[in-house]
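Engineer: next input, structure requested:
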Amino acid sequence: MVNLSFGIVALGANLPLSQRDLWTTLRETLGILHAEPGVSITATSRFWQTPAVPAGSGPDYANAVALVRTDLDAPDLLACLHRIEADHGRDRSTGRWSSRVLDLDLVALDRMILPDATTLRHWIDLPFDQQRSQTPDQLILPHPRMQDRGFVLAPLAEVAPDWRHPLTGRSVLQMLDDLGPDASAGMTPLSLGDLPGFP
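Structural biologist: Numbers count the residues shown, from 1 in each chain. All right, here's what the predicted structure looks like:
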């Protein structure tokens, strides 16, 4: 019997790919991810239009969150996401928080903490002014910035509001509330009818 894990994947883009708009890129990416061997999407949030972070660092983003069931381990699932990014022309040499045609983040896998609680806590507590220049050289789960990002938590709250952070014990709704109202400033959830390409 195959053991399946529950994964959370955050999607984002703020640069058009060829002649495709951001929403088309995300829709196509969801289809590609769902077709990957060992990966099945079980739920997706609405698409959200969100300001770039830090403020003024680029055009607005299209964001979404997908829940997946997978028989891949964490490194293999991350490698799958990076391959899909690369197939879309993602250039990781441009630095952190730069504009991109596609960004896929493995936010969490089950209640796994990687590599350990002490290392995860270090990256969670990293001061903001060091977050741009310091990058972990290993996979950290859950994603150490998830609790800071309204553009992840708001879509995630639509599909897994009661999921709890395995280190802090805070639920998605609690983490979103912890950020306060400013965290969602400028963020707009879009229905299919609001998206380009839908009548």
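Engineer: my guess is residue 72 meets residue 33, correct?
Structural biologist: No: in this structure residue 72 lies outside contact range of residue 33 using C-beta atoms under 8 Å: 11.5 Å. Every C-beta, even on glycine, is put in place using the N, C-alpha and C of the backbone.
Engineer: what residues are shared contacts of the two?
Structural biologist: 39, 80 (C-beta atoms under 8 Å, 6 or more residues apart in numbering).
Engineer: list the contacts for residue 188?
Structural biologist: By C-beta under 8 Å, 6+ apart, residue 188 lies in contact with 48-50.
Engineer: residue 189: neighbouring residues, count only.
Structural biologist: The number of residues packed near residue 189 is 17, by other C-beta atoms under 10 Å.
Engineer: repeat for residue 75
Structural biologist: Residue 75, neighbours per other C-beta under 10 Å, totals 12.
Engineer: helix or strand next in line after the lowest-mean-pLDDT helix or strand in the chain, which one?
Structural biologist: Ranked by mean pLDDT, DSSP states H and E, the weakest helix or strand in the chain is helix 128-131, scoring a mean of 74. Going down the chain from helix 128-131, the next helix or strand is helix 150-159, by DSSP states H and E.
Engineer: which strands or helices does that following helix pack on?
Structural biologist: strand 5-13, strand 47-50, strand 61-70, strand 103-109, helix 172-179, strand 188-190 (3 or more C-beta pairs under 8 Å, 6 or more residues apart in numbering; DSSP states H and E).
Engineer: now it - C-alpha only, CSV.
Structural biologist: Extracted in CSV, the C-alpha atoms of helix 150-159 (Å, rounded to 0.1, in the frame of the first residue of the first chain):
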residue,chain,number,x,y,z
GLY,A,150,-0.8,37.2,3.8
PHE,A,151,-0.6,36.2,0.2
VAL,A,152,-0.1,32.6,1.3
LEU,A,153,-2.3,32.5,4.4
ALA,A,154,-5.4,34.1,2.8
PRO,A,155,-5.7,31.6,-0.1
LEU,A,156,-4.7,28.8,2.3
ALA,A,157,-7.5,29.8,4.6
GLU,A,158,-10.0,29.0,1.8
VAL,A,159,-8.9,25.4,1.5
